[in-house]
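S.K.: The following block contains a protein sequence and its predicted model.
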Amino acid sequence: MYKKKLIISVFAMTLTALACGPLDLARDILGNLPTSTPTPGISEERESSLWYVATDGDDSNSCAFIDDPCLTVQEAVSRSDDDDQIFIAAGTYPETGFREGSSALGIDYNLIITGAGRDSTFIDGGGLYGVFYASGDARVRIEDLTVQNASGNSPGSGIEIRGNADVIVEDVNVVDSIGNGIRSSSSGLVTLINVNVTGTTQLEGSFGAGVSGGNLDIQGGEVANNYMSGVSSAGLLAMNGTIVRDNGTYGVYSSGTANLTGVDISGHGNILSMNHPGLWIDGGLATLTNTDVFENEEGIVLSDDAILTMNGGNVYSNPRTGILIDETSEATLEEVTVRDNASFYAGTSLGGGIGSRGWLRVYSSLIENNHNGGILNQTETGDLVVLDSTIRANDGGNAGIYNGTLARAYINRSLIADNELDGIENRGDMTMLNSTSTGNTNSGIIAVDGDLAMRFVTLARNGESGLSAFRGGNTVSLVRSILAAENGLDDCNISSGPSAIPFPLQGTNVDSDATCGFPETFTPAELRIGPLADNGGETWTLALDPDSEAVDIVVGSCLGEDQRTFGRPVGASCDAGAYETGASLLTLEDPDIVIGTPTPGGPSTVTIITTTPCYNGPGPQYGLVSNLASGVSTQLIGAGFTGNGNQDWLVASHPNVANTNCWLDSDDVTPSIPFSEMRLITVPQPPTPTPKPTSDRPAPEDTPIPCYLNQQQQVICP
């Protein structure tokens with residue numbers, strides 16, 4: 001061995017940082033991985049060697065000097081030892097030797113391999129062998145080169161990682177591998193920084209993946225045009241700014257924990273007979289941030305207890321369903337656009353923007369221009385919440401929102417507009433609050449079966465009916481303070497057959513043609529409904545002119561806000577429908593949120609059925625006020641809106657402490673009215689701990705503390 005002893009200089013320290021620093025950073029990001037070996041301190045010494053390879057070198061040279069290089073990378077690897085570095089000059093290096101298995105360059109120790117640039121240095125497996133193989137406890141860094149023409153499977157990838165090895169690959173191309181581009185079965189971490197993996201083909205009818213493995217951290221780069229999948233992980237997967245495109249089956253597959261930020265996934269599922277998605281979450285947990293999934297056979301598929309949280313980003317132009325959720329899985333979308341999906345299913349009842357048999361939450365999102373419906377909430381396993389969202393201009397064989405038999409749906413502060421069939425078709429259990437359905441070709445809502453409850457809903461200017469209910473009150477359990485007007489055929493289409501019963505009406509309901517059986521009917525000229533427009537809030541609304549007959553017409557209790565989250569009532573009482581004229585934005589500090597207003601006909605109540613804690617918010621983290629004993633009754637304020645689709649909390653006035661609300665577990669109480677009739681109460685901000693003062697700074701101002709009862713049931717107001 002041609003060794004030379006090196007004192008840790010600035011140069012050597014830099015190499016150590018390159019080898020260890022990014023890996024430790026990636027460990028911090030992903031967590032739960034083995035800790036790294038400490039980097040030597042500045043005063044320590046270690047033995048290290050630098051090796052050189054060039055196309056004009058000779059394997060009989062010392063290889064220890066830039067002007068006396070090896071000819072092959074294989075020779076430099078065979079001479080290297082722990083913590084060495086190999087520099088490879090520009091050129092093409094056919095590495096078809098044999099060292100470990102069928103890989104040409106086997107490494108089971110710490111090593112850095114550096115080329116002259118990905119467009120200058122080429123390591124070629126010749127279609128016979130794999131190129132790099134890291135195993136054992138090795139810590140390997142490969143940078144600034146191209147790996148090409150790798151082959152084999154035992155091991156035989158362009159870069160193969162096994163054992164407990166940790167590998168960093170930066171500014172590298174891995175091209176035209178036969179079998180796999182980069183494959184890891186290591187328990188360690190593989191970090192890819194600006195790495196491009198392209199052109200992988202099958203080996204003996206199998207493999208053909210771009211990047212596959214357990215724990216992967218992929219930053220930038222591109223995984224494209226591989227015969228089978230793009231990226232596959234069964235462990236921890238982090239991707240940031242990566243392009244995954246035009247791979248034969250799926251783009252990204254994860255059965256572990258995935259975090260994707262700023263990733264583009266497109267053009268997948270073009271081979272074989274299966275419908276492969278751009279992103280497949282199979283039994284794992286995935287968080288997507290500003291990630292786009294487009295022009296794949298299918299967009300996103302969730303299966304086997306998968307959980308997806310998507311913040312920002314787009315799912316569009318996938319010929320089959322945009323997002324498909326099986327009965328065991330759940331998805332939460334916030335500020336996401338799902339559009340132009342399911343063209344393959346045009347003329348059928350399949351497809352749609354989102355097809356869900358599981359749990360779906362859609363917040364502040366846009367679902368538009370999908371074929372065969374916007375959201376299909378299917379069968380008894382479906383559970384849907386739509387909040388502050390727009391479902392518009394979806395065509396084909398389904399409604400904008402389809403709620404299947406025995407499925408559950410909750411729609412609040414949302415717009416359903418301009419869909420080719422009905423705005424909403426309900427066959428299950430649905431609650432709709434503070435929302436507008438307008439401009440749909442058929443009905444605003446069609447109640448075929450199940451149980452539909454509506455409060456402060458506007459159904460206007462639909463092509464046929466505002467509300468179609470062929471069995472009347474058999475399918476509609478509550479109509480409270482809605483506005484149905486200016487629909488093409490009639491405001492309500494209600495069967496008069498023997499199975500139909502009248503709608504159960506509450507509050508003040510208004511129509512414009514007397515087809516709904518409402519006590520209040522006014523002409524369109526008297527109602528003075530404005531055009532669909534941006535009148536504030538997250539979704540567009542149909543505003544009422546201040547002189548509209550629907551203004552201040554509601555008798556009885558109101559919801560505390562309108563579709564725009566603007567406060568109600570303005571004036572003597574609330575307006576019918578989803579829009580409150582003259583309202584302003586409702587905040588958490590508004591008295592309407594903190595203290596409920598009794599219903600004019602007498603307050604609703606809640607009765608404690610088992611001793612239960614009274615909290616300042618939904619759970620002990622908000623602070624305990626006191627325990628309430630079984631049998632106590634107090635004024636009900638409303639239902640706590642926690643956004644999870646389950647009614648876990650009710651909000652009531654404390655029976656003994658003035659100006660204090662109680663958040664009560666719904667399992668421990670019995671309310672006097674059903675949930676569908678309750679106003680929604682926004683969850684307060686979680687309490688912020690007050691910093692402890694120190695001797696050299698003044699104490700911060702005290703945060704007001706709610707009143708509570710001590711053990712003697714005395715009211716204490718600090």
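M.R.: All right, it came through fine. Numbering: from 1, shown residues only.

S.K.: Please enumerate the helices of this protein.
M.R.: Secondary structure of the chain (DSSP state H): helices at 10-30, 73-79, 524-527, 591-594.

S.K.: Mind telling me which of those helices the model trusts least?
M.R.: Lowest mean pLDDT within the helices of the chain: helix 591-594, a mean of 36.

S.K.: For stretch 191-208, could you pull out the residues that count as buried?
M.R.: 191-201, 203, 207-208 (16 or more other CB atoms under 10 Å). (Each C-beta comes from the backbone N, C-alpha and C, glycine too.)

S.K.: can you tell me how far the residue lying closest to residue 425 once chain neighbours are set aside sits from residue 437?
M.R.: Nearest non-adjacent residue to residue 425, counting by CB to CB, 6 or more residues apart in numbering: residue 399, 4.0 Å away. Distance of residue 399 to residue 437, computed by CB to CB, to the nearest Å: 10 Å.

S.K.: Looking at the two, which one has more neighbours?
M.R.: Just comparing residue 399 and residue 437: by other CB atoms under 10 Å the higher neighbour count belongs to residue 437, 33 against 30.

S.K.: rewinding a little: please list all residues in contact with the residue nearest to residue 425.
M.R.: 373, 374, 419, 421, 422, 423, 424, 425, 440, 446 (CB atoms under 8 Å, 6 or more residues apart in numbering).

S.K.: If we use 7 Å, what do you get?
M.R.: Neighbouring residues of residue 399 by CB atoms under 7 Å, 6 or more residues apart in numbering: 373, 419, 421, 422, 423, 424, 425.

S.K.: same thing with residue 111?
M.R.: 80, 84, 140.

S.K.: who's the residue most central in space within the chain bridged to?
M.R.: The C-alpha lying nearest the average C-alpha coordinate of the chain belongs to residue 310 (CA atoms, centre = their mean; 1.7 Å). For residue 310, the beta-bridge partners are residue 288, residue 333 (DSSP bridges).

S.K.: how close does it sit to residue 162?
M.R.: 34 Å.

S.K.: What of residue 555?
M.R.: 74 Å.

S.K.: which one of these two has more residues nearby?
M.R.: A direct count of neighbours by other CB under 10 Å for residue 555 and residue 162 places residue 162 higher, at 21 against 12.

S.K.: burial measure for the residue nearest to that one when sequence neighbours are not counted, as a count.
M.R.: Excluding the flanking residues, the one nearest residue 162 by CB to CB, 6+ apart is residue 135, at 4.6 Å. Using other CB under 10 Å, residue 135 has 22 neighbouring residues.

S.K.: tell me which residues of stretch 507-527 are tucked away?
M.R.: Under 16+ other CB under 10 Å, the buried positions of stretch 507-527 are 507-513, 515-516, 518, 520-522, 527.

S.K.: same thing with stretch 605-620?
M.R.: Buried-residue list, stretch 605-620, by 16+ other CB under 10 Å: 605, 606, 608, 612, 613, 614, 615, 616, 617, 618, 619.

S.K.: want to try a markdown table for those, with distance to residue 225 and pLDDT as columns?
M.R.: Putting the buried residues of stretch 605-620 into a markdown table (distance: CB to CB, whole Å; pLDDT from 0 to 100) gives the following:
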| residue | distance to residue 225 | pLDDT |
| --- | --- | --- |
| 605 | 66 | 90 |
| 606 | 62 | 92 |
| 608 | 65 | 92 |
| 612 | 60 | 90 |
| 613 | 59 | 90 |
| 614 | 61 | 92 |
| 615 | 56 | 89 |
| 616 | 57 | 88 |
| 617 | 52 | 87 |
| 618 | 49 | 87 |
| 619 | 50 | 84 |
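
S.K.: Just the ones of those in strands?
M.R.: 605, 606, 608, 612, 613, 614, 615 (DSSP state E).

S.K.: which one among the residues you listed gets closest to residue 216?
M.R.: residue 615 (41.9 Å; CB to CB).

S.K.: what number of residues lie near the closest residue to that closest one other than its chain neighbours?
M.R.: Of all residues not flanking residue 615 in the chain, residue 663 sits nearest, at 4.6 Å (CB to CB, 6+ apart). Neighbour count of residue 663, defined by other CB under 10 Å: 24.

S.K.: who are the neighbours in contact with residue 663?
M.R.: Counting by CB under 7 Å, 6+ apart, residue 663 has contacts 615, 616, 617, 618, 640, 649, 651.

S.K.: hang on, the fifth one packs against residue 619?
M.R.: What it means is residue 640. No. Residue 640 is beyond contact range of residue 619, at 10.2 Å (criterion: CB atoms under 7 Å).

S.K.: Only alpha carbons, please: show stretch 557-565 as PDB.
M.R.: Extracted in PDB, the C-alpha atoms of stretch 557-565 (Å, rounded to 0.1, in the frame of the first residue of the first chain):
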ATOM      1  CA  SER A 557     -81.800  30.800  15.800                       C
ATOM      2  CA  CYS A 558     -79.000  31.500  13.300                       C
ATOM      3  CA  LEU A 559     -75.700  30.100  12.400                       C
ATOM      4  CA  GLY A 560     -73.000  32.400  13.800                       C
ATOM      5  CA  GLU A 561     -71.400  33.100  10.300                       C
ATOM      6  CA  ASP A 562     -72.300  33.000   6.600                       C
ATOM      7  CA  GLN A 563     -70.600  31.200   3.700                       C
ATOM      8  CA  ARG A 564     -67.700  33.800   3.800                       C
ATOM      9  CA  THR A 565     -67.200  33.300   7.600                       C
END
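
S.K.: Ramachandran coordinates for the residue nearest to residue 425?
M.R.: Phi and psi for residue 399, reported as degrees, to the nearest 10, are phi -70, psi 170.

S.K.: Report the helix or strand with the lowest average pLDDT across the chain.
M.R.: strand 4-7 (a mean of 33; mean pLDDT, DSSP states H and E).

S.K.: Need the pLDDT of the residue nearest to residue 58 when sequence neighbours are not counted.
M.R.: Leaving aside its sequence neighbours, residue 58 sits nearest to residue 71 (CB to CB, 6+ apart; 5.3 Å). Looking at residue 71, its pLDDT is 97.

S.K.: List the contacts of residue 71.
M.R.: Residue 71 neighbours (CB under 7 Å, 6+ apart): 57, 58, 59.

S.K.: ok, now with 10 Å
M.R.: 53, 54, 55, 56, 57, 58, 59, 60, 61, 63, 93 (CB atoms under 10 Å, 6 or more residues apart in numbering).

S.K.: ok, the residue nearest to residue 425 to residue 150 distance?
M.R.: 52 Å.

S.K.: for residue 316, same thing?
M.R.: 35 Å.

S.K.: So which of these two has more stuff around it?
M.R.: Ranked by neighbour count (other CB under 10 Å), residue 316 and residue 150 place residue 150 first, with 35 against 21.
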